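Asks: Quick one, fold the following:
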Amino acid sequence: MKPQRIRNKNTGKAQNWWLLGENRPGLREALNGKSRYIVTVETAKHRLFAFVDGQIIPDNKLWVFPFEDAYYLGVLSSGVHRLWTNANAGSLGTGQTYVKTECFDTFPFPDATAEQRDTIRTLAEYIESARRNLQTGAAQLTLTQIYNALETGDDANVDFSALADLHRQLDEAVMDAYGWSHDLTVGQILNHVRLLNLERSREENMGIIRKVISTRKQMILFFGGKHEKEQKLEADYYRYAVNSSFFELSTDDSIGNFMLNFNNRIKCFRDLRTALLSAALSRDTLIFSLSFFRS
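Replies: Residues are numbered from 1 along each chain as shown. You can find the predicted model right below:
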């Protein structure tokens, strides 16, 4: 056992080779003094986020978000984050696996006003209360049972309309915080999140770091300009593509197909851009050419 464990890349595990694992000092420090924090199950049928009591020590099957503020619960529970997770999560059997580096680290939180934060915070607290009542009341339902019923409408003995309406209001409030219309399609929402991810990444490269809402990992890796002017030009091209119907999701398309088509189209977009730049064409000519390629 020792010869194998002392070669572990994790210094703590290598030095304390006789222990089965670490007690996660960083996590314990982050949760120290918290009255509650947010968790989601790593692999689950429904992607749910909920508060747990600060005295509870989480196990290895939970992703932990050390936020007491219900505002963060609201954003994570919103349709925007759910779509982003659906597009980037892994899978295990019939369950969805939440991958923090792809689903959370790349997700740009909205730059919400104080009033918008209050609205999202209040709605998240209402959702927590409504779910708790369904769990502890006469129905005695689990969270999985609650969201199975919300999805299928099979349980006629329990009224889920209030919870469903709260989720609708939360989705709209989060869209408002992003400054987006409520009638965006799935494809448009994913496009906007990607563009915001790119903008946040560019900000951080310039030393502009936003607390909590910063994008800790750049999702958009399609371009690789070395100079600021070239990077700005590339961002303009990407913004043009995203804001056009170039990456639109058709009504009968699935998210999985959208991701495949998106990646394929981005490759073609990048190859075309490279070919046009090599011909030393102007920006206007490039945009004109891309408009024909898109059609």
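
Asks: ok, residues contacting stretch 1-10?
Replies: The contact list for stretch 1-10, computed with C-beta atoms under 8 Å, 6 or more residues apart in numbering, reads 13-14, 17-18, 22. C-beta coordinates here come from the backbone N, C-alpha and C atoms, glycine included.

Asks: Run a quick neighbour tally on the nearest residue to Ser35 once chain neighbours are set aside.
Replies: Spatial nearest neighbour of Ser35, chain neighbours left out: Gly54 (4.8 Å); criterion: C-beta to C-beta, 6 or more residues apart in numbering. Around Gly54 there are 15 other residues, counting by other C-beta atoms under 10 Å.

Asks: Could you number the chain from 262 rather than 1 from now on?
Replies: Shifting the count to begin at 262 puts that one at Gly315.

Asks: For the residue nearest to His307 when sequence neighbours are not counted, what are phi and psi?
Replies: Leaving aside its chain neighbours, His307 sits nearest to Tyr408 (4.3 Å; criterion: C-beta to C-beta, 6+ apart). Backbone torsions of Tyr408, given as degrees, to the nearest 10, read phi -80, psi -20.

Asks: Go ahead and confirm Tyr408 touches Ala305.
Replies: No: look at Tyr408 against Ala305 with C-beta atoms under 8 Å: they stay out of range, at 9.6 Å.

Asks: who has more neighbours, those two?
Replies: Between Tyr408 and Ala305, counted using other C-beta under 10 Å, the more crowded position is Tyr408 (20 against 17).

Asks: Contacts only, for Ile318.
Replies: The contact partners of Ile318, taken as C-beta under 8 Å, 6+ apart, number zero.

Asks: one more time with 10 Å
Replies: Residues counted as contacts of Ile318 (C-beta atoms under 10 Å, 6 or more residues apart in numbering) are 284-285, 288-289, 292.

Asks: for Leu292, same thing?
Replies: Residues in contact with Leu292 (C-beta under 10 Å, 6+ apart) are 285, 298, 315-319, 325, 327, 329.

Asks: That one and Glu460, how far apart?
Replies: Distance, Leu292 to Glu460, by C-beta to C-beta, to the nearest Å: 31 Å.

Asks: One more: Gln430?
Replies: Distance from Gln430 to Glu460, by C-beta to C-beta: 27 Å.

Asks: same check, this time on Val313
Replies: 33 Å.

Asks: Then Asn452?
Replies: For Asn452, the distance to Glu460 - C-beta to C-beta - is 13 Å.

Asks: Also Tyr408?
Replies: According to C-beta to C-beta, Tyr408 and Glu460 sit 33 Å apart.

Asks: what does His428 give?
Replies: Separation of His428 from Glu460 (C-beta to C-beta): 28 Å.

Asks: So these two - more neighbours on which side?
Replies: Taking neighbours as other C-beta under 10 Å, His428 and Glu460 compare with His428 leading, 19 against 15.

Asks: Hmm, that one is touching Glu412, no?
Replies: No: in this structure, His428 is not within contact of Glu412 by C-beta atoms under 10 Å, at 11.5 Å.

Asks: if we can go back for a sec, include pLDDT, neighbour count and secondary structure when you put the contacts of stretch 262-271 into JSON lines, please.
Replies: Written out in JSON lines, the entries for the contacts of stretch 262-271 read as follows (pLDDT from 0 to 100; neighbours: other C-beta atoms under 10 Å; DSSP: H, G, I helix; E, B strand; the rest coil):
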{"residue": "Lys274", "pLDDT": "82", "neighbour count": "15", "secondary structure": "helix"}
{"residue": "Ala275", "pLDDT": "86", "neighbour count": "12", "secondary structure": "helix"}
{"residue": "Trp278", "pLDDT": "84", "neighbour count": "14", "secondary structure": "coil"}
{"residue": "Trp279", "pLDDT": "84", "neighbour count": "8", "secondary structure": "coil"}
{"residue": "Glu283", "pLDDT": "73", "neighbour count": "12", "secondary structure": "coil"}
